[in-house]
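Enquirer: prediction below, plus the sequence it came from.
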Amino acid sequence: MAVALGQSGPAASVSRSGGQGSPVSYASVTQLNAMLSQLEAASKNTQADLVRLRIERWKADGAYKKQELGNVDSIARNLQGALPEIIAQLRSAPEDLPTTFKLYRNLDALYDVLSSVAEGAGAFGPKDDLQALSNDLSTFEGTRKQLAERIESLSSAKEAEIVRLRTDLKTAQAMIPAEPPKKIVVDDTEPPKKPAKKKAPAKKPATADASKAGGAGQQQQNPPKPQ
């Protein structure tokens with residue numbers, strides 16, 4: 001029975017700075033590029049070695065040869081499809097932990113399936129095939145160990161960064177002055193009532209007073225004549 005290798009989906013959109021928007025050091029990028037270049041070279045060698053295999057000539061039963069042919073086909077699909085996609089993602093985000101771990105898991109699966117094919121070549125095939133596949137396995141194993149160390153290093157760096165950011169946040173919050181509580185004054189005293197203004201008496205019309213005064217003056221000027 002062929003062992004199915006993990007297939008990656010569409011390449012994720014990641015920033016070139018490291019997946020989290022943080023800058024990546026030159027040493028980190030240099031280390032990763034060397035590792036990925038070594039892995040790409042190992043992939044090409046492995047594909048060529050698998051093509052040269054003549055499993056149909058192995059001195060084994062048909063079921064076993066069919067199983068190993070399925071394993072070879074699974075490895076070839078992974079080396080031509082899934083592995084290049086993950087490598088491209090990691091080059092775009094050199095310190096992205098999920099992508100780094102995805103590559104580690106893919107190498108782990110490749111190593112297991114390729115080991116099965118190498119064992120079959122050692123038991124039923126020519127010694128040259130076994131030697132070639134053993135070299136490929138050694139390269140994959142070395143890259144896998146380097147990836148494990150890189151994952152551990154990146155995890156420690158990310159954890160230290162989180163602790164630093166939390167400390168900076170607490171410091172910034174402590175520097176912000178607290179607003180004093182607002183005082184609410186309630187005045188429950190009633191203001192004194194103003195005395196009501198008395199209405200002034202209405203003045204009589206001036207015309208009426210003038211007419212009366214005029215009539216009295218005429219009577220005084222013209223006294224009645226004696227009879």
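Expert: Now that the structure is in, tell me what you want to look at.
Enquirer: hey, let's count contacts and neighbours off CA atoms from now on
Expert: Noted.
Enquirer: let me know the pLDDT of the nearest residue to Ala132 once chain neighbours are set aside.
Expert: Across the structure, with C-alpha to C-alpha, 6 or more residues apart in numbering as the measure, the residue nearest Ala132 apart from its sequence neighbours is Asp49 (6.6 Å). Asp49 is assigned a predicted lDDT (pLDDT) of 96.
Enquirer: ranges for the helices of this protein?
Expert: Ranges of helices within the chain are 26-52, 62-77, 83-92, 97-124, 127-175, 206-221, based on DSSP state H.
Enquirer: now the third one: buried residues?
Expert: If I follow you right, that is helix 83-92. 83-87, 89-92 (16 or more other C-alpha atoms under 10 Å).
Enquirer: so for it, mean pLDDT?
Expert: Looking at helix 83-92 alone, the average pLDDT works out to 96.
Enquirer: got a pLDDT number for the residue lying closest to Gln47 once chain neighbours are set aside?
Expert: Residue nearest to Gln47 in three dimensions, not counting chain neighbours: Ala76, with 6.3 Å by C-alpha to C-alpha, 6+ apart. Note on Ala76: pLDDT of 96.
Enquirer: correct me, but Ala76 touches Ala48?
Expert: No: counting by C-alpha atoms under 8 Å, Ala76 does not reach Ala48; the two are 9.8 Å apart.
Enquirer: which one of these two has more residues nearby?
Expert: The residue with more neighbours, out of Ala76 and Ala48, is Ala76; 19 against 13, by other C-alpha atoms under 10 Å.
Enquirer: from Thr46, how far off is that one?
Expert: 9 Å (C-alpha to C-alpha, to the nearest Å).
Enquirer: Ala148 now?
Expert: Relative to Thr46, and taking C-alpha to C-alpha, Ala148 is found at 22 Å.
Enquirer: neighbour count winner among the two?
Expert: Shown here are Ala148 and Thr46; by other C-alpha under 10 Å, Thr46 has more neighbours (24 against 14).
Enquirer: the more buried one touches Leu133, doesn't it?
Expert: Yes: at 7.1 Å, Thr46 counts as touching Leu133 under the criterion of C-alpha under 8 Å.
Enquirer: pLDDT weak spots in this protein?
Expert: When the per-residue scores of the chain are filtered using pLDDT under 70, the ranges that remain are 1-22, 178-181, 183, 185-227.
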